[in-house]
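Visitor: test case, fold it:
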Amino acid sequence: MHLHFIAIGGSAMHNLAIALHLKGYRITGSDDEIFEPSKTRLNKYNLLPKTIGWDASRIHKGIDAVILGMHAKEDNPELLRAKELGLQIFSYPEYLYEQSQAKTRVVIGGSHGKTTITAMILHVLNYYDIDTDYMVGAQLDGFDVMVKLSYDAPFMILEGDEYLSSPIDKRPKFHLYKPNIALISGIAWDHINVFPTFDIYVDQFRKFINVIEPDNGKLIYCSDDNEVNKLCSEFKNSNIELLPYGLPDFSIENDKTIVIEGKNKYELSVFGKHNLLNMNGARLVCNQLGIDDEDFYKAIQSYKGASKRLEMIYNYGSTIAFKDFAHAPSKIKATTEAVKEQFPSKKIIACMELHTYSSLNKEFLKHYNGALEKADYAFVYYNPHTLEIKKLPAVEPAYIYESFNKKDLEVFTNSELLFNKIKQLSLKNTCLLFMSSGSFDGIDLAKFVKELKF
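Guide: Sure thing, here's the model as predicted:
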């Protein structure tokens, strides 16, 4: 089978292309820009387009299907040619469903924790050599690609993003997977450029529940989240089995988190109440896949986290540093509180970059009120050029101060000044926390921290 990828360089798209190549499909693709690591990884499998740019002549009747990425536009010449020829056109999530119809599909949804829960499930399944297909939103230790597709694996574990599927399919991705087992970790308004009100955003999760397969369908949900609890209560008389979860019993001893299950204690490599909730959700999913609690806890002890999810980048002497993908208000608050609770004797220096459409929107910024309250030093950075690219009105630093409502907050619009500020601080007995879905203008955070003088 010959599949052609329009916008093959995307993070998700290039992983799907590689997975299908490894499954034995013939893959071609195109893009108008391809960055690292996609470029090197595509080249490794001889899937890198010979030339950059769109070319309608690449599209012909010999192609069995076209997979369309979000980076492409509706007037893309290759897309228009595919429509003209009457070729099958799939979005990324549509084709994942196409590949997994005969499998038990587990879809992890929620405003936060999706990647971590998916990664935890995959870690446990991998620990016991249980064959499974998957799609996850971050690179995981022990996994070559973020997507795996096979003929024989009985399960498909999918991270269920609520963002749009493709330029010509405005449905959220997780509406297309039709799970047998679904999980919702939490609901906190996000993607306001697509879902302009909170009610519209919540309704996407209601629709997600409604596409759970009716025969023996299961919904695992975080009952500690008020919005999730309220939404899931609407389905208490449905045919779907509801399985709530909350925080497990735990303690923090010598900067380590210990989960207590009956007479047994399990020391974890991750920490924070949000991660303990994520772990409990993953446990319930694994129960449905045949793994009991004792075996789950035995395996999860060696889970060290997904890339950029409270990822430790430095630990020497009394100083420790993490980088985290957190960017939404609920994520920033949970991450900062988790670090403070785990390291109560350390000074917490929290650096947050406003980078997403939502976080740079003046109406949305007020939701950050109190998000950095637990930090001893709180720094917020944003690049005014990012506002221009996203065609958003300018935001004055004074508005950031007001929105975060944090005493002694410092706001930077120049990343060099931010990192010079950090260099001036005493960093003994300190935890540095960098939070962003961006890159602080491309700085290598691990290298920066290692070069600091303590």
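Visitor: what lies in contact with the worst-scoring helix or strand of the chain on mean pLDDT?
Guide: Taking mean pLDDT, DSSP states H and E as the measure, the chain has helix 384-389 as its least confident helix or strand, at a mean of 90. The contact list for helix 384-389, computed with C-beta atoms under 8 Å, 6 or more residues apart in numbering, reads H355, L360, P393, A394, V395, T413, G438. Quick note: C-beta positions are derived from backbone N, CA and C, even for glycine.
Visitor: now stretch 209-216
Guide: The contact list for stretch 209-216, computed with C-beta under 8 Å, 6+ apart, reads 105, 175, 177-180, 182, 184, 218-219, 231-232, 235, 239-241.
Visitor: please apply the same query to stretch 436-444.
Guide: 323, 325-327, 351-353, 355-356, 381, 383, 386, 415, 418-419, 434.
Visitor: now swap in stretch 402-411 and tell me
Guide: Applying C-beta under 8 Å, 6+ apart, the contact partners of stretch 402-411 are 365-366, 368-373, 375, 377-382, 397, 400-401, 421.
Visitor: filter those down to the ones in helices?
Guide: Of the contacts of stretch 402-411, the ones assigned to helices by DSSP state H are P397, I400, Y401, K421.
Visitor: rewinding a little: closest to Y127 among the contacts of stretch 436-444?
Guide: Nearest to Y127, judged by C-beta to C-beta, of these is F325 at 23.9 Å.
Visitor: domain parsing for this protein?
Guide: 2-86, 95-300, 311-450 (automatic domain parsing).
Visitor: top of the ones in helices among the contacts of stretch 402-411 by neighbour count?
Guide: Counting neighbours by other C-beta atoms under 10 Å, I400 leads the ones in helices among the contacts of stretch 402-411 with 22 neighbours.
Visitor: give the contact list for that one.
Guide: I400 makes contact with L354, L365, V380, Y382, L409, V411, according to C-beta under 8 Å, 6+ apart.
Visitor: change it to 10 Å
Guide: I400 makes contact with 354, 362, 365, 368, 380-382, 406, 409-413 under the criterion C-beta atoms under 10 Å, 6 or more residues apart in numbering.
Visitor: middle-most residue in the protein, spatially?
Guide: The C-alpha lying nearest the average C-alpha coordinate of the chain belongs to T115 (C-alpha atoms, centre = their mean; 4.4 Å).
Visitor: give the contact list for that one.
Guide: T115 sits next to 108, 136-138, 140, 146, 159, 161, 278, 305-309, 325 when contact means C-beta under 10 Å, 6+ apart.
Visitor: inside helices: which ones of these?
Guide: Short answer: the contacts of T115 in helices (DSSP H) are N278.
Visitor: put the buried members of the contacts of T115 into a ChimeraX selection.
Guide: Those of those that count as buried under 16 or more other C-beta atoms under 10 Å are selected in ChimeraX with:
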select :108,136,137,138,140,146,159,161,278,305,306,308,309,325
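Visitor: just flag the most distant two among the contacts of T115.
Guide: Between any two of these (C-beta to C-beta), the greatest distance is 19.5 Å, for D161 and G305.
Visitor: ok so, going back, which two among the contacts of stretch 436-444 are spaced furthest apart?
Guide: The span of these, defined through C-beta to C-beta, is set by T356 and F419 at 21.3 Å.
Visitor: next, count neighbours for K362.
Guide: Applying other C-beta under 10 Å, we find 14 residues neighbouring K362.
Visitor: excluding its backbone neighbours, what's nearest it?
Guide: V395 (6.0 Å; C-beta to C-beta, 6 or more residues apart in numbering).
Visitor: A82 now?
Guide: Counting by C-beta to C-beta, 6+ apart, A82 lies nearest to V66, which is 4.6 Å off, once chain neighbours are set aside.
Visitor: just want to check the distance between N414 and V285.
Guide: Relative to V285, N414 is positioned 44 Å away (C-beta to C-beta, to the nearest Å).
Visitor: for those two, indicate the residue with more neighbours.
Guide: More crowded of N414 and V285, by other C-beta under 10 Å: V285, with 27 against 12.
Visitor: so who does the more buried one touch?
Guide: Per C-beta under 10 Å, 6+ apart, neighbours of V285: 106, 108, 117-118, 120-121, 124-125, 155, 157, 181-183, 218, 220, 243, 245, 291, 296.
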